[in-house]
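Asker: Have a look at this prediction, sequence included:
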Amino acid sequence: MRYAHTVQAVRDAEDALMARLPEGVLMQRAAAGLAAVGAEVLGRVYGSRVVVLAGSGSNGGDALYAGARLARRGAAVTAVLLSPERAHTAGLAALRAAGGRAVGTEDAAAPIARAHLVYDGIVGIGGKGGLRPQAADLMRAVYDARAAVVAVDLPSGVDADTGEVAGDAVRADVTVTFGTYKPGLLIDPAAGLAGALRLIDIGLGDDLGVPAVEALQNADVAAMLPRPGGESDKYRRGVVGIVAGSDRYPGAAVLAVSGAIRGGAGAVRYVGGGGAAVLARHPETLVSTGSPHAAGRVQAWVVGPGLGDSAAARTAVEEVLASDVPVLVDADGLRLMSRDAVLARNAATVLTPHAGEAAALLGRPREAVEASRLDAVRALAGAYGATVLLKGSTTLVASPSALEPVRVNPTGTAWLATAGSGDVLSGLAGSLLAAALPAADAASAAAYLHGLAARLTPPPLTALDVATTLPSAWPL
Ligand SMILES: NC(=O)C1=CN([C@@H]2O[C@H](COP(=O)(O)OP(=O)(O)OC[C@H]3O[C@@H](n4cnc5c(N)ncnc54)[C@H](OP(=O)(O)O)[C@@H]3O)[C@@H](O)[C@H]2O)[C@@H](O)CC1
Ligand SMILES: [K+]
């Protein structure tokens, strides 16, 4: 698992650790990591030209010390001080002692134009709001110069705790972050500005509390997924029921079933008007029409993709929500469900909106959801007492309890923004629910496998390609 902690958690851990260590040790650990990554990006340090953009806080201090380390190895290092009278005194002295020089912003154009590498040490976890105009101007000059940008701890101007970006922010090629990831490095829009992430261990480990955000890695997913044993039969492996598609949208039925069949459940029941299309593609499906209740035993339901908004569709959503097994509600189901029905449930509920659907449920504009994804997913999970998977550029999964870390999916790809891919995801997640995974595990493992399958599929991909590739994404 990769963990991200809030600024407050980092500050608390730092205080606890600093009380046990001599002054300046943490900053030297940070600077050493920063210099090592800078050297890697440069390839050859000796003879290279490096610019350090240094704000007045410790973020600038880290960058100045890293610049000093590269200057000692033969780089020509120029620090651009955003507030010369408030620059980090010891860092600046170290840079000068190593042969580097410092200028004010009025003299920044020439060194920036010739730089191979620029450290963004403008602001780190102490930042508020977007870049100030002076810093934003400097960054425009950096992009024109095409130097590689290494952000110190965070791309300056992004919100460390939320991933929100209010105004201008640095666009980095690499971000070197210290002690732990910050939520903003993993969640869009900020994550999209961070480039490649490098975590430098500065020893905060044991002092960091519960993470705010976490991202599954391959071994986590492998440990969660169901594996049939000698005693398995289809009911022990889990039967998932899919209420999706209609005479008008049989494709959604096929896609949801395709995802479900590759999710490890022992069997898939399909209920609805798309049965003929489903059987043509997946003859192993148990197909029926009429009431979900009459379809036979299931261990989890998926309801909603391509359901339309007929009275029968509404009744089907109500029936499924009234059941005592886990239920995943997607697409049309999200419009047809009542909040009270979700709140009244005893078994787990998983809602899988994209930003537009989340916006409708929350009564916010879509852009507000996209700009504040972490807040939106937490608010929905709280309001519905449900596990919520918010799809998008960084898919998030929040549990109903605000104490649980929000999971961010690391495997997404923009190619997944294609018709029907959400139907495959719902089927897959439903299948994992039927196999008795806890709701947050089912949702986040499904997002992980779905994203990985999309990455393994040659583009341009279709939703059905993703379903077909799922077995290759399944960890061994
Ligand atoms: N925690 C740890 O374990 C360790 C932390 N370490 C490092 O310390 C960093 C935190 O340092 P920090 O607390 O000094 O704050 P920091 O990010 O430099 O910002 C404060 C300055 O920014 C300014 N400023 C604010 N907003 C701005 C904006 N929008 N645009 C422009 N400027 C803005 C603000 O100016 P003011 O408002 O005062 O005018 C103030 O001067 C952390 O990210 C990491 O790099 C490492 O050394 C290793 C151990
Ligand atoms: K920074």
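Answerer: Perfect, thanks for sending it. Ligands and ions are numbered 1, 2, ... in the order given.

Asker: can I assume residue 203 sits in a helix?
Answerer: No - judged by DSSP: H, G, I helix; E, B strand; the rest coil, residue 203 forms no part of a helix; its state is coil.

Asker: Let's see the pLDDT reported for residue 166.
Answerer: For residue 166, the pLDDT comes out at 95.

Asker: What is the neighbour count of residue 351?
Answerer: 27 (other CB atoms under 10 Å). For the C-beta atoms, the positions are set from N, CA and C on the backbone; glycine is no exception.

Asker: and it, what is it in contact with?
Answerer: Residues counted as contacts of residue 351 (CB atoms under 8 Å, 6 or more residues apart in numbering) are 328-330, 334, 342, 361, 380, 384, 386-389.

Asker: Quick one: residues contacting the spatially most central residue of the chain.
Answerer: Centrality entry for the chain: nearest residue to the mean C-alpha point is residue 408, 3.4 Å, by CA atoms, centre = their mean. When contacts are counted by CB under 8 Å, 6+ apart, residue 408 touches 4, 186-187, 213-215, 394-397.

Asker: Then residue 71?
Answerer: Counting by CB under 8 Å, 6+ apart, the residues that residue 71 touches are 50, 77, 95, 98-100.

Asker: ok, the spatially closest residue to it that is not a sequence neighbour to residue 152 distance?
Answerer: Of all residues not flanking residue 71 in the chain, residue 98 sits nearest, at 3.9 Å (CB to CB, 6 or more residues apart in numbering). To residue 152, residue 98 is 18 Å away according to CB to CB, to the nearest Å.

Asker: In this structure the residue nearest to residue 71 contacts residue 64, no?
Answerer: No - using CB atoms under 8 Å, residue 98 is not in contact with residue 64; the gap is 10.0 Å.

Asker: which of the two has more neighbours?
Answerer: Per other CB under 10 Å, whichever of residue 98 and residue 64 has more neighbours is residue 64, with 31 against 18.

Asker: Using the three-state scheme, assign residue 119.
Answerer: strand.

Asker: got the contact list for it?
Answerer: Neighbours of residue 119 in contact, by CB under 8 Å, 6+ apart: 34, 38, 50-53, 63, 66-67, 150, 152.

Asker: give me the subset of those touching ligand 1.
Answerer: Taking CB under 6 Å from any ligand atom, the overlap between these and the neighbourhood of ligand 1 is residue 152.

Asker: ok, of the contacts of residue 119, which one's closest to ligand 1?
Answerer: Comparing the contacts of residue 119 against ligand 1 with CB to the nearest ligand atom places residue 152 closest, at 5.3 Å.

Asker: Surely the closest one is in contact with residue 64?
Answerer: No - using CB under 8 Å, residue 152 makes no contact with residue 64, being 10.0 Å away.

Asker: thinking again about what came up before, just among the contacts of residue 408, which is most surrounded?
Answerer: Going by other CB under 10 Å, residue 397 tops the contacts of residue 408 with 30 neighbours.

Asker: what's the helix or strand that contains that one packed up against?
Answerer: Using DSSP states H and E, residue 397 sits within strand 396-398. Packing partners of strand 396-398 (3 or more CB pairs under 8 Å, 6 or more residues apart in numbering; DSSP states H and E): helix 373-384, strand 387-390, strand 406-408, helix 439-456.
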